[in-house]
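Enquirer: Provided below are the primary sequence and the corresponding predicted coordinates.
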Amino acid sequence: MKLAHWSLHVYRLPYVREVTWVYAAENSGDYALLTLVSDNGLTGIAEGVIKPTRTGYSARSLATALETVVLPQLENLSLEDSEAVSRALARIPENRLGKAMVDNACWTLRAAAAEKPLWQLLGGKREVDLAYMVTRQSPSRMAAEAGNPDTALAFLEARLTDTHDPEMREVLANRMKEVIIERDLFMLESAVEAYRMQYRALPATLTDLVVAGALPSLPQEPFGGDYRLDPKTGSVSSSTHPERLRTFFKRPPPAYSFPRTRE
């Protein structure tokens, strides 16, 4: 099974929102799909990320490296022989992305030849546990932004238990307070919405929510400040952290309900 021809397709996928990395801010990602076709008509594929600031490759330079440096090493080589392919690629200095994509594509070719899924060919499992790749921010902040502050708090509490460094413990404690603020603001805004639906008007103060029975009591702002209501808009903010954690989820209907009064 030898290489008959190959192709490289480059495409761009937009992000739902801008992502801030250490080295750049992006609103989309560029990817390359390598296709290897064997002389017996089988196809192998592999995907790679085109990110010049991280991998050192542009789409043009990757295509050039594949055409002039990497793929010529496979000429007249049996792609079924994984050790031979590995030795051939090892002779090439650098070019890690190109070599990795070629190696991956050869493995999917072997799976096609064996008429097995790749995980089975490699002796793996059909289902495996997944882990989140943390990139843009801390796991706790990402969980809070996703609308799950309880998950963020659980993560931080576990970290706090396992951490003995005083400075890191202080950082974790402050992050927990930030997440608590987000949780409290969500609860307060839900109560404001329930009040509005019941009385067809916004409350004048947060205390009105307690008086009306929307809340049993007002939460304490964890940094020692207070929560403030804008009676014109119904928005709630923290005096110590006026900038909200960004949320990108649809808020559910208010969980609060008022007892119906008989007329």
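Expert: Yes, it's here.
Enquirer: any idea how far residue 149 is from residue 200?
Expert: 30 Å (CB to CB, to the nearest Å). (C-beta placed from N, C-alpha, C; glycine too.)
Enquirer: okay, these two: which has more neighbours?
Expert: Using other CB atoms under 10 Å as the criterion, residue 149 and residue 200 rank with residue 149 on top: 25 against 7.
Enquirer: any idea how far that one is from residue 177?
Expert: 12 Å.
Enquirer: Over to residue 2?
Expert: From residue 2 to residue 177 the distance is 62 Å (CB to CB).
Enquirer: Residue 237 now?
Expert: For residue 237 relative to residue 177 (CB to CB), the value is 15 Å.
Enquirer: Also residue 84?
Expert: 58 Å.
Enquirer: Show me which of residue 2 and residue 177 is the more surrounded one.
Expert: residue 177 (17 against 13).
Enquirer: so is that one in a helix, a strand, or just coil?
Expert: helix (DSSP: H, G, I helix; E, B strand; the rest coil).
Enquirer: Report the residue ranges of every domain in the protein.
Expert: 3-121, 139-238 (automatic domain parsing).
Enquirer: Tabulate the ones you listed (TSV), appending distance to residue 244 and mean pLDDT.
Expert: Output for the domains of the chain, formatted as TSV (distance: least, CB to CB, whole Å; pLDDT from 0 to 100):
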stretch	distance to residue 244	mean pLDDT
domain 3-121	15	91
domain 139-238	7	86
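Enquirer: Nearest to residue 128, out of these?
Expert: domain 3-121 (8.4 Å; CB to CB).
Enquirer: Check the offset of the closest one from the chain's centre.
Expert: Its chain's C-alpha centre and that of domain 3-121 lie 23 Å apart, by CA atoms, centre = their mean, to the nearest Å.
Enquirer: show me where this protein has strands.
Expert: Here the chain has its strands, by DSSP state E, at 3-20, 25-38, 43-50, 227-229, 236-238.
Enquirer: The ones you listed into TSV, with extra columns for mean neighbour count and distance to residue 74?
Expert: As requested, these are exported to TSV (neighbours: other CB atoms under 10 Å; distance: least, CB to CB, whole Å):
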stretch	mean neighbour count	distance to residue 74
strand 3-20	12	5
strand 25-38	16	9
strand 43-50	17	11
strand 227-229	18	65
strand 236-238	20	60
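Enquirer: Tell me which of those sits nearest to residue 162.
Expert: strand 3-20 (27.5 Å).
Enquirer: Quick check: neighbours of that closest one in the sheet, parallel or antiparallel?
Expert: Sheet pairing here is set by DSSP bridges, and for strand 3-20 it gives strand 25-38 (antiparallel).
Enquirer: Now do residue 186: how many residues are near it, please.
Expert: 18.
Enquirer: To clarify, my last question referred to residue 119.
Expert: Residue 119 has 13 nearby residues by other CB under 10 Å.
Enquirer: Just to check, it is in contact with residue 126?
Expert: Yes - counting by CB atoms under 8 Å, residue 119 touches residue 126, with 6.4 Å between them.
Enquirer: Now do the shared contacts for the two.
Expert: Shared contacts of residue 119 and residue 126 (CB atoms under 8 Å, 6 or more residues apart in numbering): none.
Enquirer: any idea how far residue 11 is from residue 202?
Expert: 48 Å.
Enquirer: right, I mislabeled it, should have said residue 194
Expert: 11 Å.
Enquirer: Repeat that for residue 218.
Expert: Residue 218 is 16 Å from residue 202, by CB to CB.
Enquirer: try residue 210
Expert: 15 Å.
Enquirer: got it, and residue 111?
Expert: 61 Å.
Enquirer: next one: residue 119
Expert: 56 Å.
Enquirer: these two touch, right, residue 222 and residue 179?
Expert: No - Residue 222 is beyond contact range of residue 179, at 9.3 Å (criterion: CB under 8 Å).
Enquirer: ok, the two, which is more surrounded?
Expert: Neighbours per residue, other CB under 10 Å: of residue 222 and residue 179, the larger number sits with residue 179, 24 against 18.
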